[in-house]
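S.K.: 3D, please:
(2 chains)
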Number of protein chains: 2
Amino acid sequence: MHLAKNLLTAMIGKLRLTNSLTRKKELFEPINPPEVGMYVCGPTVYSDVHLGNVRTFISFDIINRYLKFLGYKVRYVRNITDVGHLLDNGEDKISKKARLNKLEPMEIVQKYTNDFHSVMKIFNVLPPDIEPSAIGHLFEQVEMIETLLSKGFAYQANGSVYFDLTRYNKLYAYGKLSGRKIEDLINQSRTLEGQDDKKNPLDFALWKKAAPNHIMKWKTKWSDGFPGWHLECSVMSTKYLGTQFDIHGGGLDLKFPHHDCEIAQCLGASDKEPAKYWMHTNMLTVNGQKMSKSLGNAFLPWQLISGNHGMLDRGYSPMAIRFFMLQSHYASNLDFSNEALNGSVKGYTKLANGIRILKEIIYPKHDSLNVNAALINQINKICDDCHSAMDDDFNTALTIGHLFNLLKKVNSLYSKQIAFTDINKATFNRMKTTLLTFTEEILGIKPEKEINGHNLLNILLENYVEAKESKNYKKVDSLRQRLAEEGITVKDMKDSVGWAYNE
Amino acid sequence: MHLAKNLLTAMIGKLRLTNSLTRKKELFEPINPPEVGMYVCGPTVYSDVHLGNVRTFISFDIINRYLKFLGYKVRYVRNITDVGHLLDNGEDKISKKARLNKLEPMEIVQKYTNDFHSVMKIFNVLPPDIEPSAIGHLFEQVEMIETLLSKGFAYQANGSVYFDLTRYNKLYAYGKLSGRKIEDLINQSRTLEGQDDKKNPLDFALWKKAAPNHIMKWKTKWSDGFPGWHLECSVMSTKYLGTQFDIHGGGLDLKFPHHDCEIAQCLGASDKEPAKYWMHTNMLTVNGQKMSKSLGNAFLPWQLISGNHGMLDRGYSPMAIRFFMLQSHYASNLDFSNEALNGSVKGYTKLANGIRILKEIIYPKHDSLNVNAALINQINKICDDCHSAMDDDFNTALTIGHLFNLLKKVNSLYSKQIAFTDINKATFNRMKTTLLTFTEEILGIKPEKEINGHNLLNILLENYVEAKESKNYKKVDSLRQRLAEEGITVKDMKDSVGWAYNE
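M.R.: Next comes the predicted model:
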């Protein structure tokens, strides 16, 4: 349902988004339209994906879907961090997990990558166009380190290579994305174990010499070691999207130091600002408190689905959860509570019922119309509002509100409070297309409610037995016939009734 | 349902498999039990996965599942070829596709990797423990080239590096897996364009200098280029499974030159025979003819499922196709025909019906038994036969035959031709466990037959309307109540009946 090319021109120039770099809501003007390059920091695959990540990836899924709907040719890159995500003590997260579990690190990576993909699928998040991994881009990382060394923005020390923030800060402003000042940061910083090689405690690793017991390492001229975490994103974003690209996104917790370091690496290597728009999704709270392991209020996606967590009254279906998340703006806190989640179940069910009915409704043939011009205007206005809401920094909550206003009209048609003759076919079709496109294509809310066929079959077989006992053979034959059409053979046995699948 | 450790000792030493290297059926004795390392050549992700590949991966899925069932700690590695699969003219398959489609090669890789994973999931193939990619192992490939150069088994020419078969063949026998002789090969070989750098026309590329318009390339001391296809498998198999590992598998078409080249690279680099057992799956035919694009009889997995191909009378469900494939031995030709496929639909449906019934049957409590010793012996014998058949080179066809013999007993119990008192509980449980474990866990045949809940709901709503019209309010209330339990509210409207999902 992509818009035709002539419509594209009309749409471009309406979308506005909040740019973390300028702290302003700006008109979206891609560098090279209709191409749009978008990079989002993906998961580190050493444990189950956090709910905060899920929220981030659902938010950028909406952005990806809406940009594509607008007719942009989006290349969406979301990476997999399979090496280099350092702990405070300089150890690699995946290596540590592998050491503790006595596994090959790549088994850890494989397991959690597979799990991550399953979770994304469950929440109906479309796969990115490219999903590169850090290990797949070691050559390019080494090349960027060489460039930074040659330009004087990096230095070697004992087999490691560090980014030289003091030198960088003479030419550029480190911390401009997060709004931190390097002097304050130096005052706040503490000296951590194994960081003695650094000239400045804020300098960050580009290449880290591996300790003897470290499992994941590669031979370079500097040492047997591994790349620093910040490096991979600079390398993979610019490799696939060019030195300058449109959107860079991620969770708010990545703004500093990760994204500020990315900017430093890119500016240092190419003197080019990597991303025109930086977008950040906000954090999760539970009943108003920050979600964190130490507070015991951090549940994982599967716990939220199953309800298997002390904070949760019950489980919530993936689409109800997606619906819940879209009721907040991506840049606002998302507060979990059983009350709010239950509200979303109600809302999602209402939407699912409306969409199911809508799909069945076809505009009937009329001999004459008796159009209600005010009603038609009202419907068209709501359709326009859906577009405007998404154009206003992807305001999904407002969009959902408008969709519910459209649903009211559908329900009125269904219950005959509005007659089909009140509106013309074009208006009906626009309403139907808008509701279906925004719900399923743009918001990615799909039908999920299932009917248990086996249980209904049991009810029908009971009816069959009743009909047999009351010698209502017409009913018996009709049920047998109808079930046969559904691929089921009723089996009359000695003292019971069974069934089998037909071939 | 893994066997207990004390049972493991009893099982080891019974499994026999056909080793392509010795051309004999051999006792399976892993190098370091209970660990088993298995490497299988995965897909080149530049187009839809072929049905022949699907057959190969289903075959090794069974082998992986059975080895794990026997209690082995299997590390199963299956790679993704995302660079280096050369065409006859020396061009990379993925690069070529990207060039023709004007796409970034990694977009091609991503699309077909995602599709491949979906196809594997549809056919219920378990993911491997590690799924490494060639691009993720460029460092290791460069290292192996350096080793081969230093040992004199490789030479540089114009920025490329080739394996030196003449030198290798003085110490080892190239072609021993496929049984080819190097002299014959030299006589058969023709000089291809761009191969002028080679000392011997049979020498194969380890590193290939990229043409100026080539998209995928990396900087090494030899050239901006890319690795040869055979190299990645030698590198990734030995990286994750050790210099010597247990099983190396793949399709028969890979035996030469791919697998013979792998052996040459590994022996050259480490003087160690890489795999103890080589296993090859055989080719596909259609009505007795080789399946090939040029004959127009090559259908893709989705075509076989949808029936959308001239050679196919209809579509076949994924589990019916899996069942069909398991009815041939992995090392035999697999011949497709509508007759044979229809036979498999019948067989699969029979199995699905039997398993469904079996899951419902619980051995009842008895005051006394009247056991039929001959019957008990017979059932135990069939259970033993299932194990023996799988132990005999993974003979799935024979195993399925035995499972059908067990199903006959289940059906006799269900239709009361056999009384539960004829057999004791232990025998019943062994029969149930054997059937379920072999069908679902080992053969990976899962319940697939679905009942369309929406269609059955329509039948029930018709019954509801009938009951309402005939003023049978007891029936009306009961149907309303039963449907409410299934999450459905019946809506009585002015002149019709509708429904909605409950929250």
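
S.K.: double-check that A:M390 belongs to a helix.
M.R.: Yes - the assignment for A:M390 is a helix, going by DSSP: H, G, I helix; E, B strand; the rest coil.

S.K.: how many residues are close by it?
M.R.: A:M390 is flanked by 25 other residues according to other Cβ atoms under 10 Å in any protein chain shown. Where you see a C-beta, it was placed from the backbone N, CA and C, and this is true even at glycine.

S.K.: ok, now which ones touch the residue nearest to A:L148 when sequence neighbours are not counted?
M.R.: Once flanking residues are discounted, A:L148 sits nearest to A:A154: 4.0 Å by Cβ to Cβ, 6 or more residues apart in numbering or on different chains. Neighbour list for A:A154: A:I145, A:L148, A:V161, A:Y162, A:F163, A:D164, A:L206, A:G268 [criterion: Cβ atoms under 8 Å, 6 or more residues apart in numbering or on different chains].

S.K.: what's the answer for A:Q141, then?
M.R.: Going by Cβ under 8 Å, 6+ apart, A:Q141 touches A:A134, A:L206, A:P227, A:L231, A:E232, A:V235.

S.K.: same check, this time on A:V476
M.R.: Here A:V476 is in contact with A:Y464, A:A467, A:K468 (Cβ under 8 Å, 6+ apart).

S.K.: now do the second one against chain B, distance only.
M.R.: For A:A467, the distance to chain B equals 10 Å [Cβ to the nearest Cβ, to the nearest Å].

S.K.: buried ones in whichever helix or strand that residue is part of, by neighbour count?
M.R.: Per DSSP states H and E, A:A467 falls inside helix A:453-469. For helix A:453-469, the buried set under the neighbour-count rule, 16 or more other Cβ atoms under 10 Å in any protein chain shown, comprises A:G453, A:N455, A:L456, A:L457, A:I459, A:L460, A:L461, A:N463, A:Y464, A:A467, A:K468.

S.K.: for that helix, packing partners?
M.R.: Applying 3 or more Cβ pairs under 8 Å, 6 or more residues apart in numbering or on different chains; DSSP states H and E, one finds that helix A:453-469 makes contact with helix A:473-485, strand A:488-492, strand A:497-501, helix B:453-469, helix B:473-485.

S.K.: around chain B, which positions in the stretch 301-450 of chain A sit nearby?
M.R.: Near chain B, the residues belonging to the stretch 301-450 of chain A are A:V345, A:K346, A:T349, A:A352, A:N353, A:R356, A:I357, A:Y414, A:S415, A:K416, A:K449, A:E450 when assessed by Cβ under 8 Å from any Cβ of the partner chain.

S.K.: quick check: can you list the domain ranges of chain A?
M.R.: With automatic domain parsing as the criterion, the domains of chain A are listed as A:5-281, A:300-442, A:453-501.

S.K.: any idea which of these is most buried?
M.R.: Comparing the domains of chain A by mean neighbour count (mean count of other Cβ atoms under 10 Å in any protein chain shown), domain A:5-281 ranks first with a mean of 19.

S.K.: find out how far that one is from the centre of the chain, if you would.
M.R.: 17 Å (Cα atoms, centre = their mean, to the nearest Å).

S.K.: from what I see, A:G249 and A:I63 are in contact.
M.R.: Yes - A:G249 lies in contact with A:I63 (Cβ atoms under 8 Å); the separation is 7.4 Å.

S.K.: how much space separates A:Y46 from chain B?
M.R.: As defined by Cβ to the nearest Cβ, A:Y46 lies at a distance of 15 Å from chain B.

S.K.: quick check: that residue is in a strand.
M.R.: No - according to three-state DSSP, A:Y46 belongs to no strand; its state is coil.

S.K.: show me what contacts it?
M.R.: A:H85, A:K93, A:I94, A:K96, A:K97, A:I108, A:V109, A:Y112.

S.K.: A:R482 now?
M.R.: Neighbouring residues of A:R482 by Cβ under 8 Å, 6+ apart: B:I459.

S.K.: can you check what angle separates the top helix by length along chain A from strand B:497-501?
M.R.: In terms of residue count, the longest helix belonging to chain A (DSSP state H) is helix A:338-360. Angle, helix A:338-360 to strand B:497-501, by axes from the mean of the first three to the mean of the last three Cα atoms, to 10 degrees: 140 degrees.

S.K.: average pLDDT across helix A:338-360?
M.R.: Helix A:338-360 shows a mean pLDDT of 95.
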